[in-house]
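Engineer: Give the three-dimensional model of this entry:
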Amino acid sequence: MSSCSSGDPAQAKEWQRDYCTKLGSWQDARRAKATNAADADASAEGNGRSPEFDTTASAGRAVIEASNRLDQEGLELDGGHIHDDTANAVGGDTGAEERAVSYCDSSGFETLVDSAG
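Structural biologist: Numbers count the residues shown, from 1 in each chain. Sure, this is the predicted structure:
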């Protein structure tokens, strides 16, 4: 881990845990959306959106916000670009998702995320 501007290793670990938790939640929401796409399309009433869409979009925004904190605090590993990787992963880039998952693995929070893809 690179140095953190707050100088508090416990706070840095908390931000990393928060990010990895939110990344895992986004992965779960995305998987649920993909699994239930046909059923959700059939049952969506009036608004043209399924509940999984709203959950996935919300989870995507939350993990991107968490990646901003890591980026601002200099908590990237190996000169990575966690914010860019996270935004690209939410946008569908599996290579970026693999890098984000690898970040959590390297940070010690591998159990909070799934392998990419």
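
Engineer: Which helix in the protein has the most residues?
Structural biologist: Longest helix in the chain by number of residues, with DSSP state H as the criterion: helix 9-35.

Engineer: quick one: buried residues of it?
Structural biologist: 12-13, 15-27, 29-30, 32-33 (16 or more other C-beta atoms under 10 Å). (Each C-beta comes from the backbone N, C-alpha and C, glycine too.)

Engineer: Distance from it to the middle of the chain?
Structural biologist: Mean-position distance between helix 9-35 and its chain equals 5 Å (C-alpha atoms, centre = their mean, to the nearest Å).

Engineer: For it, give the mean pLDDT please.
Structural biologist: In this model, helix 9-35 carries a mean pLDDT of 94.

Engineer: And stretch 101-117, by the same measure?
Structural biologist: What stretch 101-117 shows for mean pLDDT is 89.

Engineer: Name the surrounding residues that touch it.
Structural biologist: Residues outside stretch 101-117 that contact it (C-beta atoms under 8 Å, 6 or more residues apart in numbering) are 1, 13, 16-17, 19-21, 23-24, 27, 31, 76-78, 80, 82, 85, 89, 94, 97-98, 100.

Engineer: where's L75, which helix or strand?
Structural biologist: Under DSSP states H and E, no helix or strand contains L75.

Engineer: could you measure it against H83, distance?
Structural biologist: Using C-beta to C-beta, to the nearest Å, one obtains 11 Å as the distance from L75 to H83.

Engineer: Mind checking which of the two has more residues around it?
Structural biologist: L75 (24 against 19; other C-beta atoms under 10 Å).

Engineer: can you give me the helices for the chain?
Structural biologist: 9-35, 37-43, 51-72, 82-90, 94-107.

Engineer: need the ones you listed in TSV with distance to V113, can you?
Structural biologist: Output for the helices of the chain, formatted as TSV (distance: least, C-beta to C-beta, whole Å):
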stretch	distance to V113
helix 9-35	5
helix 37-43	22
helix 51-72	10
helix 82-90	11
helix 94-107	5
